[in-house]
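Student: Below is the sequence, then the predicted model.
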Amino acid sequence: PASPGQKRACLALLVLALLQAAWWQRTTIAAQLPPLARQIGNASTGVQHLFALPATQALRVEGSGLQAMDEHHVRLDVTLRNTSPLPGAWPHLRIELLDPQGLMLASRSIAPQEYQQRDGGAASDAPPIGPAQTVELLAYLNLQTLNTQLPESAATGFRLTLLDSGPSLP
């Protein structure tokens, strides 16, 4: 037979395991409870960060474009919309420059610290993207450093992908 101390220890372990499972599923639980999701969306930045969904789950690209600034620099314009009931984390952006056949000439991942909001500062300094919020981003690229392997090739298109984190190191 188990002693009262052993029973309390088992109960405490069970409670801790349940709390840990709830923590791992916090965003799923909060997203399914609209009143809780609204409270999180209106909470402090710290609480929003705790419950922010990964960018690939929360955000959708509404529009994007490249504009030449001069012969060596381009500006990437991106419009993102959070389609989830919870805040969304700022994404890493992967841009691929394409040739006329759609083949990739060069690519680059852009961290939130490297782009800015059109109407503000660096995205990495801002709170997560709120529910149903639309944001416009700007990133500036140097084509000379981006396209070092094929300097004579001219990109005629691009592909943009949202990532939850930056590229993995080999």
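Tutor: Thanks, I have it. Numbering: from 1, shown residues only.

Student: Least confident secondary structure element in the chain?
Tutor: helix 143-146 (a mean of 73; mean pLDDT, DSSP states H and E).

Student: got the CA coordinates for that one in PDB?
Tutor: Provided in PDB are the C-alpha atoms of helix 143-146 (Å, rounded to 0.1, in the frame of the first residue of the first chain):
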ATOM      1  CA  LEU A 143      21.400  42.900 -55.800                       C
ATOM      2  CA  GLN A 144      25.200  42.900 -56.000                       C
ATOM      3  CA  THR A 145      25.500  40.900 -52.800                       C
ATOM      4  CA  LEU A 146      22.300  38.800 -53.400                       C
END
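
Student: State the mean pLDDT of the helix or strand just after it.
Tutor: Once helix 143-146 ends, the next helix or strand along the chain (criterion: DSSP states H and E) is strand 157-163. Over the span of strand 157-163, the pLDDT mean works out to 91.

Student: Neighbouring strands - and their directions - for strand 157-163?
Tutor: strand 92-98 (antiparallel) (DSSP bridges).

Student: show me the contacts for residue 48.
Tutor: 40-41, 87, 127-128, 130 (C-beta atoms under 8 Å, 6 or more residues apart in numbering). Where you see a C-beta, it was placed from the backbone N, CA and C, and this is true even at glycine.

Student: Just the ones of these in helices?
Tutor: Using DSSP state H, the subset of the contacts of residue 48 located in helices is 40-41.

Student: Give me the ChimeraX select line for the contacts of residue 48, limited to the buried ones.
Tutor: Filtering the contacts of residue 48 down to the buried ones (16 or more other C-beta atoms under 10 Å) takes a single ChimeraX command:
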select :40,41,87,128,130
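
Student: Closest to residue 66 out of the contacts of residue 48?
Tutor: Relative to residue 66, the closest of these is residue 128; by C-beta to C-beta it sits at 26.3 Å.

Student: For that closest one, give its distance to residue 37.
Tutor: 13 Å (C-beta to C-beta, to the nearest Å).

Student: Quick test: name the residue nearest the centre of the protein.
Tutor: The centre of the chain sits closest to residue 91, judged by C-alpha atoms, centre = their mean, with a distance of 2.2 Å.

Student: Pop out the phi and psi values for that residue.
Tutor: phi -90, psi 160 (degrees, to the nearest 10).

Student: Report the contact partners of it.
Tutor: Contacts of residue 91 (C-beta under 8 Å, 6+ apart): 55-56, 59, 80, 112, 162-164.

Student: Please tell me which one of these counts the most neighbours.
Tutor: Per-residue neighbour counts (other C-beta atoms under 10 Å) across the contacts of residue 91 peak at residue 80, which has 25 neighbours.
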